[in-house]
Every structure is written in C-alpha cells, then in structure tokens.
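Asks: Would you be able to build a 3D model of this:
(4 chains)
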4 protein chains.
Amino acid sequence: MVVTKIKIGVLGATGAVGQIYIKLLANHPWFEIVDVAASPQSAGKTYYNAVKDKWLQDIFVPENVRNLVVRDVQDYTKLPKDLGFVFSAVEMPKKEDIKAVEDRYAEMGIPVVSNNSVHRWTPDVPMLIAEINPDHTKIIPIQQKKHDWKGFIVVKPNCSLQSYLTAIFALEKAGFKVDKLIITTLQAVSGAGYPGVPSLDMIDNIVPYIGGEEEKTEKEPLKILGKIQGDGIVNDESIKISATCTRVPVVDGHTASINVKFKDKVPSKEEILQIWKEFKGIPQELNLPLAPKQPIIYLDDDNRPQPRKDRMNDKGMAITVGRLRKDPVFDWKFIALSHNTIRGAAGGGILNAELLKAQGYIK
Amino acid sequence: MVVTKIKIGVLGATGAVGQIYIKLLANHPWFEIVDVAASPQSAGKTYYNAVKDKWLQDIFVPENVRNLVVRDVQDYTKLPKDLGFVFSAVEMPKKEDIKAVEDRYAEMGIPVVSNNSVHRWTPDVPMLIAEINPDHTKIIPIQQKKHDWKGFIVVKPNCSLQSYLTAIFALEKAGFKVDKLIITTLQAVSGAGYPGVPSLDMIDNIVPYIGGEEEKTEKEPLKILGKIQGDGIVNDESIKISATCTRVPVVDGHTASINVKFKDKVPSKEEILQIWKEFKGIPQELNLPLAPKQPIIYLDDDNRPQPRKDRMNDKGMAITVGRLRKDPVFDWKFIALSHNTIRGAAGGGILNAELLKAQGYIK
Amino acid sequence: MVVTKIKIGVLGATGAVGQIYIKLLANHPWFEIVDVAASPQSAGKTYYNAVKDKWLQDIFVPENVRNLVVRDVQDYTKLPKDLGFVFSAVEMPKKEDIKAVEDRYAEMGIPVVSNNSVHRWTPDVPMLIAEINPDHTKIIPIQQKKHDWKGFIVVKPNCSLQSYLTAIFALEKAGFKVDKLIITTLQAVSGAGYPGVPSLDMIDNIVPYIGGEEEKTEKEPLKILGKIQGDGIVNDESIKISATCTRVPVVDGHTASINVKFKDKVPSKEEILQIWKEFKGIPQELNLPLAPKQPIIYLDDDNRPQPRKDRMNDKGMAITVGRLRKDPVFDWKFIALSHNTIRGAAGGGILNAELLKAQGYIK
Amino acid sequence: MVVTKIKIGVLGATGAVGQIYIKLLANHPWFEIVDVAASPQSAGKTYYNAVKDKWLQDIFVPENVRNLVVRDVQDYTKLPKDLGFVFSAVEMPKKEDIKAVEDRYAEMGIPVVSNNSVHRWTPDVPMLIAEINPDHTKIIPIQQKKHDWKGFIVVKPNCSLQSYLTAIFALEKAGFKVDKLIITTLQAVSGAGYPGVPSLDMIDNIVPYIGGEEEKTEKEPLKILGKIQGDGIVNDESIKISATCTRVPVVDGHTASINVKFKDKVPSKEEILQIWKEFKGIPQELNLPLAPKQPIIYLDDDNRPQPRKDRMNDKGMAITVGRLRKDPVFDWKFIALSHNTIRGAAGGGILNAELLKAQGYIK
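Replies: Next up is the predicted model:
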C-alpha cells in the first residue's frame, strides 16, 4: 500500500529543540520533513552544513534531511506550496518577533504546532497535552474566525509540569478533586538549551532557581485543565499550586517531588495505583504513532523513578511515578519523572500534531 | 599564659565522620585528642597506618594524631585515665552494640558526645542543636541518676534537618508559630559515608530516596523543639512536617526547599529577614570557638544558596538561606543549605561539646 | 519461513554484564535465551524476581526472560538438553572457581563464549575481536583434543583496548607496521560493575588508576595480533605498548589518547583516513547481525569523539576516532572511543558467537 | 613593628582569574590592593556591586576590596600615584588591545605581572615559574632599555604544563637530561573561565580537545627552560614534547599522564623519588610567603594524585605526583597534578611578584 505522507516543515530546525524534532521525525509514518527553516545565517546552506558544528544528538544527522537547503524562516516566498503544517521551535531574541512569525504562517494557511511560550496565554490558542485536553482543539475554528487565519496555532505547555500533571489529571478524571499541590522540581540541564547552564555551576553543585519556571509551573496547568467558554479557554481556578524549581546535574529528565491535598474524597493507595495503571487518553484510544501505550507507569521500588533509568520509558513519552506514600501534612506524596526534551518538548509537539491529524484539523 | 586543654578521645576515629572530627580538631583551642579508638582490625596500629588507605579528606592526616596508637573501642583497660570526654562516631553493624559501647563509656564516667542515632529517642538523652535547645542539657543530672552513670550521653540530630530547622526556630522564637512544613531535600553523597552511593547512580542521575531519612526529618525536630518534663524530654507536637529526601550529585552540602504555613500571625518579608539577620543563640553569646558569628546568612541573589559556593560559609557552621518568596499555597517558601558533615555532623558535635564545657558539664 | 533459533544460556545472567547480554539478546535473530544461570541465592526464583533489585538498564527486564527460572550455575543436572552454547559472564570471588565452571561446561559439550579473563592466557583459547583475528577460531579443534572437551571456550579481551586496537590493526593490515604505542585511557565507571566506583571518588574528581588494567592493555593486544603455532597462539612481540589507565566520571564509553610510532613506512594523513574508512572485517563481509556496517568511524570535528555523543554509533558496536594529527615525538596521534559494555563486553561477545555460528563451530 | 605594604592594583579584577587574585591577596603580608580596574561597564561602581552577580568564589567578597571604586582599566588619569605594580588578568576580545594596555602600564613605570598569553613569546619578556627560572628576571633591564619603559612586564606560562614541568625540571637539574615527553592532560573546567564549558558537554562526558592548549603545552616549556642570550631568551630545544589536552568534569585541578625518555643516564626509582623530595627552588630558599614548603609532593598510594583530594596541597601551590613506574616504551611514566587557578594562574602570579620583590625589581 502506498501511503502519502503529509509534507511538513520545522521552523528553528537547527536549534536545540529543532534538532530533537529532526531526530524524532526521521522515520515518522505520517509526516515527512520537506522544509527546514532557520535564521538568515543558516539560510542557503544544506541542513547538514548549517547544523554540524552545533549538532548535539547522540545519532548522526539523519539522511532524510541532510541535503535539504535551509530556508530563512522569514522568507515566505520560498515556502513549499503543499506544506501540511509546521512545527515551530524558532528562537529569536524578541518574543514579539517569534509571535509575528507564527502569526504569519497561520495567516498564510499553514497550521503551526508550536513549542514556544509566546502564544500560551492567547485565550483562543489551545495549550495541549494530548492525553488531558484533546477537546481544546475545538477552539480552532473560533481562533481562525477571530484572527481571520486560514491556518491556526496550537501550543504545548512548559516541560516542568509534564512530569506530574497527567498523574494529577488522572485522579481528577476519576472523581478525586485536587485542592492543593506543593511541588519541588529537580530539572535537567537540557531544558536550558545550548550552551545553557555552565559546567562550573553543575559540577558538585545544584542551582535552586530557574528564571520564570515557577510561574509557568503554577499557572499553565490551570489553562490546560480549563474549559472553552465563548471565544476563549477559561482557567480551572479550583487547584492551587506552589512550585519550587531547581536545576540539577542531569542531562535529560525532569523529576518532581509532589505533595497533594484533595478537596473532599481522598483516594486510597490501591485506588490511586489502579487509576494510574488504567489511565488512557485519546492518543491511546486512537493508537497514535508516538503515544505511549501506558501513559503513567508506576514503579514499586523505593528508589524510583530515576532520570537515567526511567526517562526513556516508552520512547521517552511515558511519565514514570513512584514512592506514593501518606503525607503527614497533605494527603499523599509521590515522585514523578518525564523526559523534558521528548515528552516535554518535541515528542509532545509531535503527539499534538498526530492528534490534530486524527481529528482532521491537518491533512 | 599556659592553657591546659581538655584531653579527649574519638570513638570510630578512622571512619568517614571520625576523620572529620580529626580534621576539625587539629588545632582546637580547648580540646586535645589523646585517644583514637576504632575496630579491632585497626587496634595497635598508628592512626596514620590505620587510616591511610581510606583517608578521604582534602588535607593530609594531621600531625597531632599521626602517631597515636589506635585503641580497640571495646578495650576499656587501655583507656587514658584523665579523659575529659569522647566524641562518638563509632560504626558497628548492630545498633544495640553501638548503644552498649556508648552506655559503657557513660557508666565509666566518661561523657559521650555522640553522632549516632541510637540514643536520639532515649527520653533522657538531649538531642542538641546548640543554638536551639542548649537548655536541654539540664536533663543530664536526671539522666545520670536514672541510669546510675557517672558520665552522660548527649547526641546531635540527623544532618537532613539542620539546613532549615534553625531558620524555622528563629521565627518561632520571635513569636511566629509555625503550623506546617512541607520540605524536599537535595542531599549530598558524603551523607552516605564511604563507599556510600555508587557513581553509577550519581552521574547523570538523582535518586529520590534515602532510607529512613524522611522519618528522621519529620520527627527529630519535635524533640529538639520540645521541653523537659519530669525525667524526659517531651516533643513539641504543634508543628506538622512532611519531608521528601533525595540524593543528588553533590559532594557536601544538603539543600532544602521549604514551604511554611504559620498558625496565626504571618510575618512580613521584612520581619523574616530581620529575624534571621539578628538571630543569635547561646553559642554566639558565649562566643564558643566553633560557633558561627551569624548562624543564619540570607543571600539576596535569586540563584543562591548553592552547595559549592555557600556550604563553607563561616567555617561550614553557618546555614545559608535564600529565595524567600510568597507561597501561593502556604505562607512563605524559601531555600536553605547547610554543610552536612561539618554543621550537620562533626562540627555540630564539637559545638555541642563546647557548649557543655561552657555550661560546666565537662571539665 | 520458519527460522529455528539456537537455544542458548547466559551464565551470570543477573550481574552487571549478564544484564547487558539479556538486554542485547532480547530480539536476536539467531539466538534464543532458554537458560539463565546465576548464584545459588538467585536459583529457583524467576529471572525478574532475582534481578529486579539490582537491574541497572534503561529498559525494563525484557518479556522473553522475565519468567525463566534461574538455575544455579553449578547445578548441571538442570541444564536444558539442547543448548547450543552459553555466554559466560559469571562472577565468583575466586578466579579458579570461574575457570572450573567454564571448563565443566566445555567438557559437557557446551561451547562457552566468555567475558571473563580467566582463560585469556590459556594458549589454546582464542581471544577474539571478530574484525581482527577471526581465524584464531581454527585452534578450537586443537583445544578440544588437548583437553578432551566436546565443547570449547573462546574469550574476548579487556574493554580498555577495544577503542584503539581495531584502528591500529587496520593500519597494520594495510602494510604500515606499528612499532610503539603510548596510550592514556579515560575509562567509564560502568567498567567497574555495580556498586563499583563510589560517587565520592567521581564527583569533581578523576582517579588515575584502575587495578590490573594497564597490564591487560599492554599485553592482550599481543595475543590478539598473534598467530597459531603448534597447539597454541603465539604473541606478536613486534609492537611495544605503554598504557596509563584512568577512571573518569562518564557512565559508558572508554576514550583513549594514542601516540603511534611506525616501524618503517609512515602513512600520510590521507592514507590513514582512507584505510580507516574502507576497513572491513569478516563480520562485515558475512553481514553478521550485530556487526557495525563501518567498524571505524572517523569524525572531522576538532572536539570529537565524545563518550555521550559517540558511544552508541552503530548500536554501540562501531569505534569512533578523531583528532588525527602529527605527533612531534612519534609519528601520529589520535583519539579513539568505544562503548565499553557493548563493543567492549556483551556486544563483543555476541559478535564472537555470531562469527562462530557463521564458521560452523556452533549450531 | 609597622610594616608598610606595597600598594598594588589588579587589572581585570572582576573576571574569573581576577577574582582569585582578590581572594588570595585578601591578607597578603607584603601587598595591599588599592586599585581594582576592569571594563568601562564596571567602572565607577564599588567592587562589590561590579562583581556580585558574577562572583564565583567559595568565600564572600573580601572586606578589604568591597568598597574600592572600580577604575576603567584604560583610564590612566585615575591611577593611584604610588602603585608598586599591577597584576594583569585583563580580558579583552582582541589580543592586541590587551598587549597595548599592558605596554602602556609598563611605559608609565608600573611593573606588570601578567597572567595573559600576549607577551609569552616576546623574546625579552620572561615567562616565569619561580622555582625553575627565577634568573630570567635578569632580562628586565634589557627589556626596559629596548622598549624605553620605566616599568616592565613579566608573564607566567599556561596552566596546562604546570603540573609536570617542575617535576621534569628537578630531574634535569639533578643531571638527568630529558629527551622526550609524551603527555595527556585531563584538565578542569575552571581553566575555561565563566561561563566556559557548557554543562551539556561535561555531564557523563569528556571533551578531547581544548583550543590552542596543546601548542602551548608543547612550546612554552622550551622558553622556560631556555637561557638569556643577547637581548632575548633562547629556547632549550633539546626536549621534544607531544601533548594531548582533554577537558574532564572536574572543577579545579589539572592532571597529567606523563611518559619520559631520558637522553643518556636514566635515574632509578629511588633517585627520582629522592630528587623530587629534596627539590627546592629560590622561593623556598627565600621563604616567600606563598611558596610551598615542598614544591613536589610524591604520594605512595596507587590511586593518587586525585584532583579533589590533592589540589589544595600546601595552599594549592604544591604539585602532587604519584604512580611512578617503569615505562615499557620510554623510561618512566607518572601522574602529576596542580591546581590550575592557584598554582597555574593567580597563585603563580603572586609568587612571581614575591620573587620580584625579593630580587629588588619591585619595591
């Protein structure tokens, strides 16, 4: 059977996140990269030549993109005509420039599946975790009408919250309403890009601060758990979250220590483990290519999850939890882990695109 | 002026904590090591020969102890006669054996300033942080009478709680009663001794579990903040603590992320900073040799405290705090750090001994 | 087409190297694990239960072995009857006990493909790197006759020399005889097993010593490059090697800094690069399942090879070299890297077994 | 007794090396910092305010310099009048600008003790290791005359060679002429300044390349071991050196693996150990404040020297060697270590200044 793949582009294809898109999409069953866009300095070079001095991945630059000629991300004249959509991992010094670029693509009729934070708080742009709020894509027609766009924009949330939010959502969905969360994260250095965190700060050291990260960790979940009302998504204000975000000497994999207080009903340990074990979302029902079979994996061992041993569970797309135990102050406490550049960045973006295809928003 | 120093011994002198006692006591103005005791395998050797293959410190074995002959810790016949007291960092496979050894010294009239956990929950043994509960030493005569000991035993608490408890106590002392604490620690590998944590678990990894540590972190503060009643120390049950303890790739220095809820009055940021800045305990009033001048140092910078840069503040005896900010769930959150093998182990033990001398319990 | 796989066993299946055999053999096209053997403590348990507390890999215990019941490695009565051969990664305190176990299997007619060092210097046991000395297997009939074994034993060399020896051999094979090698290795901690190197020695530190490693690195190449003469393998004494072996904070991947002096003809840079690029061995000609397509990969970039980025090249089976430059003292110097637990241990062992099957020694 | 200290300045006082000068000079018996100079951005601020966001040391900014007002390094009008000399750790994008600045100070009559590489190959500028070539200062009058300078310039060599060169020189001085050296270094990240090496390159990784470092390691020793002839220093071309320089995840302390071939006479192990033990230079004879008592410390243990345990030997000014053993290719091999930012940078510079004062060149 001949399958015609959707032709796609990657904006910011030579950057740290762009490279992971390239790596993860090397053999994708539905999507085929035909366009790689980056800054004017890279434009005109082959992708291989543009990226080779800053290639960070543990595989070589994939064959399928080596010889693509890099396009200036703002040169709209060279855009391939039959582009199904683009992933945006574009990096620019000014946030408004990123926004202008993404808006322009949407305006021209090209859907944008974005990793950037610029549109996360645009009320009619859905911030998607495919297992949690796949229905937020219903705002797309409203968004298109409002902005007079033929394309559209969807975004993914920050990586710091992806280790625990699905586990919390599974409990909410099962009827155990969460009241308060106190969270401390131990985040990997790849989250800061390259060159990112200096090694002088990460040998025999931790840094108890990541600029802007705590605010995102506290607020983005409220939109993800929110509802479409009128022409925007309205936050779920019923959960209160307090986050402390720290940087630790780990390459990939954000770990979170979580304390949970429920509103009324408090689930038993058996109930929680059962809920997590059985949790499936739309990506699992639709059997999307990058969807983890079991989105939440619980490990029994006292000393798990650990970043190096658990971050790659189910292609880096599952979250791994452990150490569920009674909390003397709140109700329960546990540890959660997710791969920040796969589940929390490029992998999450690809899963969003797969969802949009399955829902018919991209073709 | 000729000063006669108090002659002292170190039990478990060749172990990881014992070595730090040796290092910190090399030039102590009040105490002079005349006795080093260890296991039967080391007994009879010079301290240098017994320790050289496992010496972990960044200075050479100090001159003053190199040629002392190691005594079997259970060979009581060879005890020097005029020993003022002993530090106990003795390690034995069975807890009851450690207890028996410490009891025996106390029985023979030799005060024991212990690092071990075996006596932490003996009701008439004070668990001292010299700045917090120096008055708990008043139980010593009661202890001596009850056990019919001529000597006595005092202990120090676990290292995991020393980064934050003094900061919390300072607020309590100033009249702001604490209701609840949720804590996540990022603890250094030196806390596990040697060989301790395998490097395969600490390169590109963290381990979200330390056996027994969370229980100690949650319960020991209650005794330290407690009161002498009758012939024992009764816990302060008014604070509820929830702890998650993790191991990170840091050599020395335990960091804690702390969320605090107060009972009634909530201090302002200015009040808290003022209280911490001005906090002094008895060790500061008495100007004890190893007492930090300012026990709680607050750093303004967003990204502090950091283990490698702040653990040695004031000889490793100060605790360093930072990032005090409003907590959306509780009242305040902050980061605290202390040197686990100095303030949290041998340095804390020495300060306890200095306190006991100043109070007249050892001579 | 129905393929009947060869039934095999893994001796020492629960240890650090045994686990990597289990991981790499999970989907092997030719071999099927039917027997897992370990110490008496593990015997009788399912493999999953025996290994779960010490499982170190970044994937879960593979399905195909989870429910196999572990056999005591010295319980020969429970041996499956139709075992084609065993991989030996058995660990025992005494070397002679390991030797006795391996000899016994050989005696009973079961070929042993061993990771252990006990038989490396037995003159009639070939020490194989499949690309270098595949013809050394011709000594197998001689070995069998001499020991009166129905099975036989082959071994692989130490991991420390596998980063550079194939690169050197390729030059020798092309007619450029090597006179002297001076080598300094920077070796990964996984080479020391688990628990292995304490983290207190590997955070902010290196250890310039690995017991026994320099001797192996200097001598084992001589046998590998040697020839069968009479009933033994005679060393190639024409190369002189000096090795310094150090341990660095890297999980996997041994790096070597190599200085080479040739005997007469000195190849040009272009010649060396050409030789490395075109080098193929028997495993490549036979297209063995685990054979790397290109055994020696040269990277142009100044700062390569690097362990984390290059160790997994071609499934961890290729060696990666770089920085070839004129040596002011010898002729040339370069950097080489190989994955120590794959190419240098279990992967190398599996490739040896594939070679033996292709050669008809195992069926 | 009232001692009048020499008033000094530090050029580039806010940079990574400048900070170490500030730290090491906080209580110097001979020198008193009265001038701190840096870039125009820092000029006009107090030193504390200029440096606080980039202060990297493990002590707080010393009291004695906190309130000094930073001078623009190129604002010569604000120079204190009675400056004895300056340390130069000035950093500028263009080498010729650094050279121009240092020349200008020398021209104005202010001796410059420099850490920079710009003047290392100026024939009449001595490149000093105080224990090796203290007599090279005799070129100072020649230098002054040639350039018509009232001040002068001396420099120190690169940090990468300081771990082993003194040990080699000691053998040469004792009559054992060295023919060839093959060296591989394992260098600490502090050598690259701040931000320097990204943590993504230093967690679970090493980088086998440091730009320009191998050339310096191979050539600078020749000048240091050279002789004054006419109006310049002529290299000792009798030693051939081959260096491979790698970066490893260590904060401070460069390690080197060294293979040595002697010209004629080869010393015995006992002779080498004796020579190293007894080696003293002029700094030891003059008892200079920062001179290590024993410049070369040999450790017997198989696994030493190690960066974290040995870099601070004798205030970070001693070099530590170990593992002296027969070399199957050359004559001897050993491991050497020195603290790269103390002995190899600021400490070495201060020792040079102390030597110049003792010799009467600065007053």
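
Asks: What segments of chain A are strands?
Replies: For chain A, the strands defined by DSSP state E cover A:6-11, A:31-38, A:71-72, A:85-88, A:112-114, A:153-155, A:178-187, A:227-229, A:232-234, A:240-247, A:254-262, A:296-299, A:319-326, A:332-338.

Asks: Figure out which of these is closest to B:Phe279.
Replies: With C-beta to C-beta as the measure, strand A:240-247 is the member of the strands of chain A nearest B:Phe279 (23.2 Å). C-beta: built from backbone N, CA, C; applies to glycine.

Asks: Show me what the closest one is packed up against.
Replies: strand A:178-187, helix A:213-224, strand B:254-262, strand B:332-338 (3 or more C-beta pairs under 8 Å, 6 or more residues apart in numbering or on different chains; DSSP states H and E).

Asks: Apply 10 Å and report the result again.
Replies: Contacts defined by 3 or more C-beta pairs under 10 Å, 6 or more residues apart in numbering or on different chains; DSSP states H and E place strand A:240-247 against strand A:178-187, helix A:213-224, strand A:254-262, strand B:178-187, strand B:254-262, strand B:319-326, strand B:332-338.

Asks: Select, out of those, the one closest to chain D.
Replies: With C-beta to the nearest C-beta as the measure, strand B:319-326 is the member of those nearest chain D (10.6 Å).

Asks: Now do that closest one, average pLDDT.
Replies: Averaged over strand B:319-326, pLDDT sits at 98.

Asks: Is it positioned near chain A?
Replies: Yes. Against chain A, strand B:319-326 shows contacts by C-beta under 10 Å from any C-beta of the partner chain at B:322-323, B:325-326.

Asks: Please, where are all the helices along chain A?
Replies: With DSSP state H, the ranges of helices along chain A come out as A:16-24, A:47-51, A:63-66, A:95-107, A:140-147, A:165-173, A:213-224, A:269-278, A:282-285, A:307-310, A:313-316, A:347-358.

Asks: and the second one, which residues are buried?
Replies: Read it as helix A:47-51. Neighbour counts using 16 or more other C-beta atoms under 10 Å in any protein chain shown place A:47-48, A:50-51 of helix A:47-51 among the buried residues.

Asks: repeat for the fourth one
Replies: Neighbour counts using 16+ other C-beta under 10 Å place A:98-99, A:101-106 of helix A:95-107 among the buried residues.

Asks: Which residue, other than its chain neighbours, is closest to the one residue in the stretch 201-350 of chain A that gets nearest to chain D?
Replies: Nearest residue of the stretch 201-350 of chain A to chain D: A:Met202, at 3.8 Å (C-beta to the nearest C-beta). Counting by C-beta to C-beta, 6 or more residues apart in numbering or on different chains, the nearest residue to A:Met202 once its immediate chain neighbours are dropped is D:Ser199, at 3.8 Å.

Asks: now the one you found: how far from A:Val251?
Replies: Distance of D:Ser199 to A:Val251, computed by C-beta to C-beta, to the nearest Å: 9 Å.

Asks: Report the set of residues contacting both of those two.
Replies: Common contact partners of D:Ser199 and A:Val251 (C-beta atoms under 10 Å, 6 or more residues apart in numbering or on different chains): A:188-190, D:205.

Asks: which one of those residues is nearest C:Glu278?
Replies: The shortest gap between C:Glu278 and any of the shared contacts of D:Ser199 and A:Val251 belongs to D:Asn205, at 29.6 Å (C-beta to C-beta).

Asks: where does that closest one land on pLDDT?
Replies: As summarised for this prediction, D:Asn205 has a pLDDT of 98.

Asks: Of the residues of strand B:319-326 next to chain A, keep whichever come out buried.
Replies: When the residues of strand B:319-326 next to chain A are checked for burial by 16+ other C-beta under 10 Å, the buried set is B:322-323.

Asks: And the furthest pair within the residues of strand B:319-326 next to chain A?
Replies: B:Gly322 and B:Lys326 (14.8 Å).

Asks: Would you mind naming what in the stretch 251-363 of chain A lies close to chain C?
Replies: Within the stretch 251-363 of chain A, the residues that sit near chain C (C-beta under 10 Å from any C-beta) are A:251, A:297, A:299-303, A:306, A:308-314.

Asks: So which of those residues wins on neighbours?
Replies: A:Arg311 (30 neighbours; other C-beta atoms under 10 Å in any protein chain shown).

Asks: Tell me which residues touch it, please.
Replies: So A:Arg311 contacts A:163, A:188, A:250-255, A:305, A:318-320, A:337-343, B:204-205, C:58 (C-beta under 10 Å, 6+ apart).

Asks: Buried among those? Make that a PyMOL selection.
Replies: In PyMOL, this line selects whichever of those come out buried by 16+ other C-beta under 10 Å:
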select buried, (chain A and resi 163+188+250+251+252+253+254+255+305+318+319+320+337+338+339+340+341+342+343) or (chain B and resi 204+205)
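
Asks: And for A:Pro93, the neighbour number?
Replies: Around A:Pro93 there are 6 residues (other C-beta under 10 Å).
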